[in-house]
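In: Here's a sequence, model it:
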Amino acid sequence: MNVTEEVLCDPECHFEFPDPEDIGCNVMRLDEAKIGYEGGPPILSKVNINVDLDTRIALIGPNGAGKSTLVKALCG
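Out: Numbering: from 1, shown residues only. This next block holds a predicted model:
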């Protein structure tokens, strides 16, 4: 028997995932937030973000506009 005649069977796998608890409509919300670094002036001000389970986000802007600062603030 050569290798091309060999019959391979895929293993059967069954996955079960629990139903997640309802976390509500808003995952994250900022209203008129000021974001910056401790001891300095705000880099971003009047930030309004509303994120729900269907939200997709793209951060677009020139260098120095505060994109990384915003992401760092949101991550804690």
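
In: Tell me where this structure has strands.
Out: Taking DSSP state E, the strands of the chain run over residues 26-36, 42-52.

In: by contact count, what packs against the last one?
Out: What it means is strand 42-52. If you count contacts as 3 or more Cβ pairs under 8 Å, 6 or more residues apart in numbering; DSSP states H and E, strand 42-52 packs onto strand 26-36, helix 67-75. Any C-beta I mention is one placed from the backbone N, CA and C, and that applies to glycine too.

In: okay, those in CSV with mean neighbour count next?
Out: Below are the helices and strands packed on strand 42-52 laid out as CSV (neighbours: other Cβ atoms under 10 Å):
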stretch, mean neighbour count
strand 26-36, 13
helix 67-75, 14
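
In: can you tell me which of the ones you listed comes nearest to Leu44?
Out: strand 26-36 (4.3 Å; Cβ to Cβ).

In: got any ranges where this protein has weak pLDDT?
Out: The chain contains residues with pLDDT under 70 at 1-7, 23.

In: Flag every buried residue along stretch 34-45.
Out: Buried positions in stretch 34-45, judged by neighbour count with 16 or more other Cβ atoms under 10 Å: 35, 43-44.

In: Okay then, goodbye and thanks.
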